[in-house]
Structures are given as structure tokens and as C-alpha cells.
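Novice: kindly return the folded structure for what I paste below:
(3 chains)
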Amino acid sequence: MTAARPDRCLVGRAPDGGWALVDLDAAGSRLGESACTTAELPAVMARREAEDGPRWVLSDTRTVYPRLLAAGVRLARAHDLRLVHTILRGSTVVTDPAALRAAQLWEVLPVAIPEHSATPAAGATLFELEPGGRAGAAVPEETGEMLAETARQQRAIETSAEPSRLRMLTAAESAGALVACELQAAGIPWDVAEHDRILAADLGPRPRPGQVPAAMAEVGAEVRAALGEPLLSLDSPPRLLRGLRRAGIDVASTSRWELEGIEHPAIAPLLRYKKLSRLLTANGWTWMEEWVHDGRYRPVYVPAGVVTGRWASSGGGALQIPRQLRPALRADAGWRLVGADVSQLEPRVLAAMSGDRAMAEAGAGRDLYAGIVDAGIVATRQEAKIAVLGALYGGTTGDSGRLVPRLRSTFPAAMSLVDEAAATGERGGTVTTWLGRSSPAPEEAWRRAQAAANSVDAAPGEQERSRREARDRGRFTRNFVVQGTAAEWALAWIAGIRRRLAALPEVPAAESAVPSGPVFARRAHLAFFLHDEVIVHAPAAQAEQAAAAIREAAAEAGRLLFPRSPVDFPLDLQITERAASK
DNA sequence: GTTCCCCGCGCG
DNA sequence: AAAGCGCGCGGGGAAC
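Specialist: Okay, the predicted model is just below:
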């Protein structure tokens, strides 16, 4: 008699400290169970992955998967109980979230874990840590608890108002958790010599510790001379502000946008000084030594680190690598970078989710902003961009406030979707993305302040303040639905990319040691992901196939989220050896 | 001495 | 020319 093929396999801690693998069928019934030691786990999971490729149910992908990757084991599909719990417990399309919220052990916050690649030893010990022994939020790893949560989640999804959307969202979220671990394991190929050249070109040669780079010292002296303050500190905003005022420069802050319009000989060198200082402190030689090892920058990616579902990162500011430093991203010898970003992802997502035909038409097969100009709504591409961003973010002043109303008559469906989201937020309500991720409820203090300001004896100042807070929240919920749905599109995109790349054949191994690790050294793999942009590191012979995978996955993401929608998601894609600076 | 917040600026 | 959303990080300096 043959056992039914398992649909899912849950991996949890056994009472003896080893691991238990529990097979489940599609309905969630238990088919069987096996056990192994920690040392055996990678080989056991690799065999099961090859034999029947189950969806792996993990309490928290980041605690298990890095060690598997280090052992050369890649998983195709997962269900991350921690991430999915966070989505379902807050989702308005879940009919009864009470059971999930009552599961106290799973009420964890998606916080960044402090371990990162600057302390390589930390990653190697993750497996051995006891539940709760890790910094940050801990989730249950014991199979009984995991089985109970799996059943709660399955029930919440299947009884929800949108089971198919939630199935898609939870699968995409879990695929993202796998990608996040893989990105860290593979690392971003980083050319420290080029990085050093970029730094030296602007700052001058690397100074001795404690010394200021020559170029900064030079422009700093110009600023002090122009202000007549030979000892002024330029690194302290309060001191700098006082110095500027003593020189008759009347500004409220020392920020760049305020200084830029001012006619004074100190301003140009000061702006230059700020630029250089930023480069040095954020991504200078210290950063390079701390974060780049063996030709790889390995940040920690934090899926759903942002409430909208966007990723955050921890360590080295991976999502804020300045464009100026992009040329330091360089493929290994014989490899290529395949970089792609989606043109105007957020407005296209808005057009698709609102079903706005005119907006879809404006972007069909071309630059969306150019389409808005061609439609005669605004005069220039720049105005179109300001208008659209104002619509997404809730702009009310300046050019934004002037241009947004023009969109309202041309794109009524799109505009009423975001306007309605804003109105819901102002009332204290919750908004939900296309696939079912909901915004957090307002703080109790916010609610009380709104109620108090509406009472008859409220002070005028109090009313004004609460109105402003309501509008602030409205701008947040306005943007939440679009940013969050764009994040869902992007998750579907990278999940499709990783699936296609994993199907490519391996290339002959390079002779030299390969810093990407055993899973990624012989095949194209994702190396970078930033909201609407990916970089794939590919053997030269696979670069075209990787490009096709990226394009196909974008088309697939559009079909999956918005079947029958006319909205397209064009990519700007390039195959290079070195990333472009802009 | 350590912790926390603000400022300013990088990214989408 | 900035603005309206979401972030992370380094430095300064106040608070502890």
C-alpha cells in the first residue's frame, strides 16, 4: 500500500532536541511523522525536497533556512507561520481573526533580528539556539504548537471573504522569506577597488584614522572663511545653524533644500561639504571594511519590515545604497548583472486595482507620465510625475496641490480609490491591499483625541490639531493601499524569478573559490531586491535566460494579481558587468 | 558611561 | 523648486 503524497511537510522541534517532520495532506490531516537530529536535517530535507517537493511549513524561515543554504540545500516552497500570522490576524478579509489573536505564542512583531553578516559567527549558531533564546521576537518551534497554528491559519484563509487572494498573498509572502535568506547567503557582488576609486575621486585618498579627508577639509575651510568663523563645527546642525545666522543667513534649519536657494559665498561649499560628509559617514571606507567580505556585501533583508508589506533591511543600509556607489556592484569574472526595474510601478498598480481604463491607456506600451502629457492633462513629464505622486501621497500644496485635481476628472476611478482610502483613514478606519493585507488600526490615543476634539466644549486649538492628525492618517491609508499592493506585485515577481532561475541548468564550476555559496555558485540567482527593482547575478551564458525569466515573471505577476486587466508592467532591463550609476 | 531622540539625507 | 508616503543609519547632544 502506498502512502498518499504529502501536500505539506511541517518541520519543528522534537522533545528530545532533534527535529520532527510531520507530513500533512491538502486538508491538513496528518499523514505521518519522522524524526532526525540537527546534523541530519539538511540531508533529510534535501531528500524530501527531491522526492516529493512538499510546501515546507516553518515557524520562521530565517531561523532554519540559512543553515540549509550553507549546507547546499535549497527549498522550492514554504509557508512561514510567523509572517502569515501577522498578515491574517490583522486582515479585514479574515472573517473571524479572534482565534488567531488568541494564539498568544504567535503574537509576535516582525522585528529585525540583530544578527548580521558583520558577525559571521552568529549565523552559524542559529540552529542551536533554544526557542526564545534569540534576540527579537521568538515563535514556537515545537510541532504541536505549529500544527495548531497551521490549522488556525488554514481555517482563517478558507473561511475568509477572499480565500484565493489570501492563498496567493501567503504563498508570495513565504516565497519572499525564502528569497530574503537566499539574497543574504548569495550576497551582492561588490568591487571594493571600484568603491575605493569612487571615494577617492570625491574625498581624496583615504585619510589616516581620525583625520578628515582632504577634499572635506578644503571645502570645510572655504565655508568657515566665508562665514568668518574659523572654528565653526559643520557637523553639528545646532552649531552650524547658529553660525549661519550670525553671518546673516536667515534659515530655520540647515537642510539642503532650505540652503539651496540662498545667495551667499558659504552656501556652495557647505552643500558640497554635506555631500562629502554623507558619503564618508554612510558608505565610506569604514562601511566597506565592516560590510564587504570576500567580494560580497551581505545585508539582512527583513520581509514585511514595513507595515505596508514592503521589505526593510538591517545592517549597512542595503536599501539606501546611493546611486553614486552603484558602479561598485560588479559581476564576478565570467558573470553578468541582469538589472531590471519596473517603470512607474505604483501608479500602474493603482490603475489596475481601480480598473481605471483611461489610466491604463495612458501607460499602455509607454512611459505613463508621457502618456499623461500626450493626453493633454499637463504640459511636461515632470508635471505629470508631480501630479501622480501627489495623488499617491496626498499632496495638497504647491505644484502638487495645483496639479492633482486635473487627474481627478481624467482618471476618476483611480482617484476615487485613493480618495476613499484617505477618507477611511481620516475616520479611523482600516484599509486593505488588493490581496488582503490590512493597515494597522489607529492608536487608542489617536481615537481619544479625535473623539475629544469632536465634543462641544473642545478648544479651537485642540480641534485644529486633531483635524491635522486625521489628515496625516488619511495620507497614510491613501498611500497604504497602493504601496502595499505594489509590494504584493513585487513579491509575486521575485517569487516567479526565483522559480525560473532555479530551473536553469548548472554551469561548470569555476576553478576559484566562489563566494556566493554552494547553492548559487553555478547558476543565475537573485542578488539584490529593492521595492521595484532586482539585480540577478548570472553566468554570462545564462544572462539572456535570466533576462527572459525576469520579463516572464513580471508578466506573470500582472496576470496573477490582475487577471484580464489591460494594465502592463514594462521593465527597464540591462545586462552589464557593472551596475550603472543612474 | 549608556540610552534615546532629533536632524539630515540616502533609497523607492 | 519642493511636496505628499514608506523606510535605515550616523552623528550630536540631551537625558538618564
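Novice: kindly report the domain assignment for chain A.
Specialist: A:1-186, A:192-292, A:345-485 (automatic domain parsing).
Novice: DNA strand C contacts on the stretch 451-582 of chain A?
Specialist: A:Asp472, A:Arg475, A:Phe476, A:Asn479, A:Phe480, A:Gln483 (CB under 7 Å from any atom of the strand). Yep, even glycine has a C-beta here, placed from its N, CA and C like the rest.
Novice: just among the residues you listed, which is most surrounded?
Specialist: Counting neighbours by other CB atoms under 10 Å, A:Phe480 leads these with 26 neighbours.
Novice: need the residues of the stretch 451-582 of chain A next to DNA strand C in a markdown table with secondary structure and distance to A:Trp56, can you?
Specialist: Shown next, in a markdown table, are these (DSSP: H, G, I helix; E, B strand; the rest coil; distance: CB to CB, whole Å):
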| residue | secondary structure | distance to A:Trp56 |
| --- | --- | --- |
| A:Asp472 | helix | 41 |
| A:Arg475 | helix | 39 |
| A:Phe476 | helix | 35 |
| A:Asn479 | helix | 34 |
| A:Phe480 | helix | 30 |
| A:Gln483 | helix | 29 |
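Novice: among those, which are in reach of DNA strand B?
Specialist: Within these, those near DNA strand B by CB under 7 Å from any atom of the strand are A:Gln483.
Novice: nearest to A:Leu68 among the residues of the stretch 451-582 of chain A next to DNA strand C?
Specialist: A:Gln483 (31.8 Å; CB to CB).
Novice: need the pLDDT of that closest one.
Specialist: Predicted confidence (pLDDT) for A:Gln483: 96.
Novice: and for A:Thr125?
Specialist: 39.
Novice: so where's the stretch 51-200 of chain A uncertain?
Specialist: Filtered on pLDDT under 70, the stretch 51-200 of chain A yields the residue ranges A:109-137.
Novice: between the domains of chain A, which gets nearest to A:Arg336?
Specialist: Of those, the one closest to A:Arg336 (CB to CB) turns out to be domain A:1-186, at 14.7 Å.
Novice: nearest to A:Pro303, out of the residues of the stretch 451-582 of chain A next to DNA strand C: which one, please.
Specialist: Nearest to A:Pro303 among these, with distances taken as CB to CB, is A:Gln483, at 15.0 Å.
Novice: what is the three-state secondary structure of the closest residue to that closest one other than its chain neighbours?
Specialist: Counting by CB to CB, 6 or more residues apart in numbering, A:Gln483 lies nearest to A:Thr308, which is 4.5 Å off, once chain neighbours are set aside. Three-state call for A:Thr308 (DSSP: H, G, I helix; E, B strand; the rest coil): coil.
Novice: same question for the one 5 residues further on.
Specialist: Following three-state DSSP, A:Ser313 is assigned to strand.
Novice: number of nearby residues for it?
Specialist: 22.
Novice: in this structure it contacts A:Val300, no?
Specialist: Yes - A:Ser313 lies in contact with A:Val300 (CB atoms under 8 Å); the separation is 6.4 Å.
Novice: run through the strands of the stretch 251-400 of chain A in chain order.
Specialist: Ranges of strands in the stretch 251-400 of chain A, per DSSP state E, counting those that start in this stretch, are A:292-293, A:296-297, A:300-302, A:312-314, A:335-342.
Novice: select, out of these, the one closest to A:Gly558.
Specialist: That would be strand A:335-342 among the strands of the stretch 251-400 of chain A, by CB to CB, at 10.0 Å.
Novice: wait, does that closest one contact DNA strand B?
Specialist: Yes - residues of strand A:335-342 are located near DNA strand B by CB under 7 Å from any atom of the strand, namely A:Asp341.
Novice: ok, and what's touching that strand?
Specialist: A:189, A:329-331, A:348, A:490, A:493, A:524, A:527, A:532-540, A:543, A:546-547, A:550-551, A:554, A:569-580 (CB atoms under 8 Å, 6 or more residues apart in numbering).
Novice: any part of the helix or strand where A:Val404 lies near DNA strand C?
Specialist: Here A:Val404, judged by DSSP states H and E, is contained in helix A:398-410. Yes - Helix A:398-410 lies within reach of DNA strand C by CB under 7 Å from any atom of the strand, at A:Gly398, A:Asp399, A:Ser400.
Novice: confidence score at the first one?
Specialist: The predicted structure scores A:Gly398 at 88 on the pLDDT scale.
Novice: separation between it and A:Ala414?
Specialist: Distance, A:Gly398 to A:Ala414, by CB to CB, to the nearest Å: 21 Å.
Novice: which one's more surrounded, the two?
Specialist: Set A:Gly398 next to A:Ala414 and count neighbours by other CB under 10 Å: A:Ala414 wins out with 28 against 10.
Novice: the more buried one belongs to a helix?
Specialist: Yes - A:Ala414 sits within a helix when classified using three-state DSSP.
Novice: so how many other residues sit close to the residue of the stretch 101-250 of chain A found nearest DNA strand C?
Specialist: Of all residues in the stretch 101-250 of chain A, A:Ser236 sits closest to DNA strand C, at 3.2 Å by CB to the nearest atom of the strand. A count of neighbours around A:Ser236, defined by other CB under 10 Å, yields 12.
Novice: what of the one 5 residues further on?
Specialist: Counted with other CB under 10 Å, the neighbours of A:Leu241 add up to 15.
Novice: you'd agree the residue nearest to A:Gln483 is up against A:Phe480?
Specialist: Yes - A:Thr308 lies in contact with A:Phe480 (CB under 8 Å); the separation is 5.5 Å.
Novice: what touches both of those two?
Specialist: A:Thr433, A:Ser439.
Novice: for the stretch 401-550 of chain A, what lies in contact range of DNA strand B?
Specialist: So the stretch 401-550 of chain A meets DNA strand B at A:Gln483, A:Leu530, A:His531, A:Asp532, A:Glu533 (CB under 7 Å from any atom of the strand).
Novice: show me what contacts the residue nearest the centre of chain A?
Specialist: Residue closest to the mean C-alpha point of chain A, counted by CA atoms, centre = their mean, is A:Trp311 at 2.4 Å. By CB under 8 Å, 6+ apart, the residues touching A:Trp311 are A:Gly176, A:Ala180, A:Tyr301, A:Val302, A:Pro303, A:Ala304, A:Gly305, A:Leu319, A:Ala487, A:Phe529, A:His531.
Novice: closest to A:Ile198 among those?
Specialist: For the contacts of A:Trp311, the nearest to A:Ile198 is A:Leu319 (19.2 Å; CB to CB).
Novice: you'd agree A:Ala549 is up against A:Leu501?
Specialist: Yes - using CB under 8 Å, A:Ala549 is in contact with A:Leu501, at 5.6 Å.
Novice: now do the shared contacts for the two.
Specialist: Joint contacts of A:Ala549 and A:Leu501 (CB under 8 Å, 6+ apart) are A:Ala524, A:Val536.
Novice: name the SS class of A:Val507, please.
Specialist: A:Val507 - assigned by three-state DSSP - is coil.
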